[in-house]
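1. Give me a 3D structure for the following:
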Amino acid sequence: MQIATWNVNSLSVRLPQVLDWLAQNPVDAIGLQELKLVDEKFPLDALKAAGYHAASFGQKTYNGVAVLSRSPLRDVVRNIPGHDDVQARVIAATLDTADGPLRLVNCYFVNGQAPGSEKFAYKLLWLEALRRWLETELHAHPRLVLVGDFNVAPEDRDSFDPVGLKDTIHHTVEERAHFQALLQLGLTDAYRLFDQPEKSFSWWDYRMLGFQKNRGLRIDHILVSAALKDRVQACHIDRAPRKNPQPSDHAPVVVQLG
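-> As a prediction, the model looks like this:
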């Protein structure tokens with residue numbers, strides 16, 4: 001079983017690229033982030049024609065998340081229960097697989113803008129609310145996969161310039177501590193279960209030839225629960241879509257579960 005995550009940075013703009021990628025990479029499920037469209041404009045018919053069931057949680061202009069799956073989705077939850085938030089950042093659904101139910105949680109984590117800002121304070125509150133909710137989700141759904149654009153580079157090796165960017169957004173002690181708190185719930189970073197090439201990133205700035213110079217960050221992640229850790233066979237970042245004309249600034253990440 002293959003599960004992917006991809007921040008598409010506007011699904012209306014990137015839909016042809018998403019459909020093309022899914023045709024070439026027929027993953028069983030994928031979480032999409034930063035849809036930037038309302039649910040009424042979500043391309044359900046096009047995705048259904050491509051062989052996917054879908055659930056979306058959209059928002060005009062900003063944010064927005066969706067889960068696509070080859071199998072039907074049930075028990076869909078939108079946003080973090082009990083956390084008052086007007087931004088569409090979280091969607092979760094259960095997939096019935098041959099090995100039993102699998103809970104897929106897809107998140108577009110808060111960017112945070114800059115340490116010390118109001119948006120950074122909002123990010124930290126959001127991260128704490130997410131951790132508390134995921135703790136309950138893991139009790140209810142031992143087979144759980146958390147995917148998304150985390151907007152956190154967990155370690156220095158996840159940044160093209162860890163010294164120059166030290167303590168800036170995505171690199172702060174606070175953000176990294178929240179990432180570790182998710183791991184302490186029993187989740188594992190699937191990408192780091194394997195030897196990976198140095199300077200492996202999933203996001204590159206559009207400006208200053210960021211992709212061409214590999215000035216990137218690894219901020220798109222797939223975390224698997226303890227019940228699934230031993231089933232992880234591979235995890236990779238697919239850089240190919242970043243080479244497309246008018247690409248998203250993020251690349252898909254894919255995990256293979258045995």
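2. And the nearest residue to Val8 once chain neighbours are set aside, how far from Gln184?
-> Counting by Cβ to Cβ, 6 or more residues apart in numbering, Val8 lies nearest to Arg14, which is 4.3 Å off, once chain neighbours are set aside. Glycine gets a C-beta too; all of them are placed from N, C-alpha and C. As defined by Cβ to Cβ, to the nearest Å, Arg14 lies at a distance of 34 Å from Gln184.
3. Can you pick out the residue with more neighbours from those two?
-> Neighbour totals were compared for Arg14 and Gln184, and Arg14 leads with 24 against 10 (other Cβ atoms under 10 Å).
4. ok, now which ones touch the more buried one?
-> By Cβ atoms under 8 Å, 6 or more residues apart in numbering, the residues touching Arg14 are Val8, Gln246, Pro247, Ser248.
5. In PDB, list the C-alpha atoms belonging to stretch 163-171.
-> Provided in PDB are the C-alpha atoms of stretch 163-171 (Å, rounded to 0.1, in the frame of the first residue of the first chain):
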ATOM      1  CA  VAL A 163      23.600  27.700  10.600                       C
ATOM      2  CA  GLY A 164      22.300  30.800   8.700                       C
ATOM      3  CA  LEU A 165      18.700  29.900   9.400                       C
ATOM      4  CA  LYS A 166      19.100  28.900  13.000                       C
ATOM      5  CA  ASP A 167      16.200  30.100  15.100                       C
ATOM      6  CA  THR A 168      14.200  31.400  12.100                       C
ATOM      7  CA  ILE A 169      10.800  30.100  11.200                       C
ATOM      8  CA  HIS A 170      10.600  26.300  10.600                       C
ATOM      9  CA  HIS A 171      13.900  26.000  12.500                       C
END
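6. buried stuff in that stretch?
-> Neighbour counts over stretch 163-171 (16 or more other Cβ atoms under 10 Å) mark Leu165, Ile169, His170, His171 as buried.
7. farthest-separated two in those residues?
-> Greatest spatial distance among these (Cβ to Cβ): Leu165 and Ile169, at 8.6 Å.
8. can the buried residues of stretch 163-171 go into a markdown table with extra columns for distance to Tyr122, pLDDT and secondary structure?
-> Compiled in a markdown table, these are given as follows (distance: Cβ to Cβ, whole Å; pLDDT from 0 to 100; DSSP: H, G, I helix; E, B strand; the rest coil):
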| residue | distance to Tyr122 | pLDDT | secondary structure |
| --- | --- | --- | --- |
| Leu165 | 21 | 98 | coil |
| Ile169 | 13 | 98 | coil |
| His170 | 15 | 98 | coil |
| His171 | 18 | 98 | coil |
